[in-house]
Each structure stands twice: as C-alpha cells, then as structure tokens.
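J.: no sequence on hand, only this structure:
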C-alpha cells in the first residue's frame, strides 16, 4: 500500500504522531462512460466503459498511486470494471446510491453532474473506515439469481397492494392475471437454486 506520512516533530526530532493517507478515487458509472476523480485532487478522467477503457483506467490509477476506489452500484454497468479493478489488486468499495446521497447530504454537497458525482464518491471512499473483503467471484451468478427472485417478489407485492386498494372487478382480474405467472416463475426460480 502506498502511504504518505505526516506529523509533527519535537525538539529532539522524533515523530510524535504519523498519519497514514491512502489515495482514494471515486468512479461514477454510466452505461457508456466512467467518470473518475481522486479525493483531494483536481485530477479527473473519463474513459469508455469498455475493456479498453478499463485498461486505460487501471494505468491512470496506478500512475496516481491510487489504492482504494469507490464505485456506486449502477444497475450492473459497474460489474465489469469492478471485476477488472479487483483482478488488478485494487481495493474496491461498492456503494449503494443511498449511501453516497446520504454522505453528500450530510456534508451539504449536492451532485449536479457525473464529474461532481465522481468527486463525491471519492470523498465518500476516503471516509470509509472499515473495508469488507470482496465477495468470492464464484458467487456472482448465485447473487444475480437471488436478486432476480427478490425483484419478482417485489413485483408480486406491488401488484397485491394494487389489488387490495382496487374496487373495480375487471381491474382486479388484470392484477390477478399478472400475479399468477410471477408467482409460478418465482417458485421455478427457487427450485432452480437447489
């Protein structure tokens, strides 16, 4: 890990305290582009969200001695770059969008565009005190399957809520007709996990 130390010296020249600084970056992920910022720096980068763009990103991050990167979950658009960064031995912190928004709100920082979002994610990354181990990549297909089942469950719940508040029998029939295949699909997907 690349670290800089800073501290104060007393008359004897000994160091009273040392502060370790890990250089952190933030990535705002889009379908086509990645906007990147380094915490505490004006340095920014934009690359394509492609294999070639990921390679350019890795070289840029290494050149700036970045060790920790924060990235916001973005509907799956972040998965390939996260996997590549972890393969290259970077520490990657994956944030839920709510976490970054809450951090920005607390610090009265309202993101206005992708470059500002990247800076906010970099700041949020630098503030993280506990780094959790990356999940085993072999579990990714299992996680995606569970996410799909959760989404089907949410769709069923939404339709049931509509059904409860609806008095029109024709519309009730429409909601029930949509619930039945979703429930069947959910049962099939749960069996597929076994």
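T.: That came in fine, so what should we check first? This one's a predicted model, so the numbers in the text were calculated from it and none came from an experiment. Numbering: from 1, shown residues only.

J.: tell me the pLDDT at residue 20?
T.: At residue 20, the predicted lDDT confidence score is 57.

J.: repeat for residue 133
T.: For residue 133, pLDDT reads 69.

J.: equivalent analysis for residue 8, please.
T.: Predicted confidence (pLDDT) for residue 8: 42.

J.: now do the buried residues in stretch 170-181.
T.: Of the residues in stretch 170-181, 175, 178-179 count as buried by neighbour count, 16 or more other CB atoms under 10 Å. Yep, even glycine has a C-beta here, placed from its N, CA and C like the rest.

J.: now flag whichever of these is closest to residue 45.
T.: Nearest to residue 45 among those is residue 178, at 44.9 Å by CB to CB.

J.: chain center to the helix or strand containing residue 170: distance?
T.: In this assignment (DSSP states H and E), residue 170 forms part of helix 169-193. Here the centre of mass of C-alpha atoms in helix 169-193, compared against the chain's by CA atoms, centre = their mean, to the nearest Å, lies 31 Å away.

J.: stretch 109-126 now?
T.: Counting by CA atoms, centre = their mean, stretch 109-126 is centred 13 Å from the centre of its parent chain.

J.: can you list contacts of that stretch?
T.: In this structure, residues lying in contact with stretch 109-126 by CB atoms under 8 Å, 6 or more residues apart in numbering are 22, 24-28, 30, 33, 35-40, 44, 46, 68-72, 93, 95, 99-100, 103-104, 107.

J.: I'd like to know which elements the helix holding residue 170 is packed against.
T.: Under the contact definition 3 or more CB pairs under 8 Å, 6 or more residues apart in numbering; DSSP states H and E, helix 169-193 sits against helix 140-165.

J.: could I get the average pLDDT for the helix it packs on?
T.: 87.

J.: so where's this structure shaky on pLDDT?
T.: 1-20, 111, 114, 133-137, 139-140 (pLDDT under 70).

J.: do a quick rundown of the helices in it.
T.: In the chain, the helices defined using DSSP state H lie at 51-63, 79-87, 97-106, 114-127, 140-165, 169-193.

J.: what's the angle between the last one and helix 140-165?
T.: To tie it back to what came earlier, the one meant is helix 169-193. Helix 169-193 runs at 160 degrees relative to helix 140-165, counting by axes from the mean of the first three to the mean of the last three CA atoms, to 10 degrees.

J.: tell me the bridge partners for residue 93.
T.: In this entry, residue 93 is beta-bridged to residue 70, by DSSP bridges.

J.: what sits against it?
T.: Taking CB under 8 Å, 6+ apart, one finds 68-71, 125, 128, 131 in contact with residue 93.

J.: if we use 7 Å, what do you get?
T.: 68, 70, 125, 128, 131 (CB atoms under 7 Å, 6 or more residues apart in numbering).
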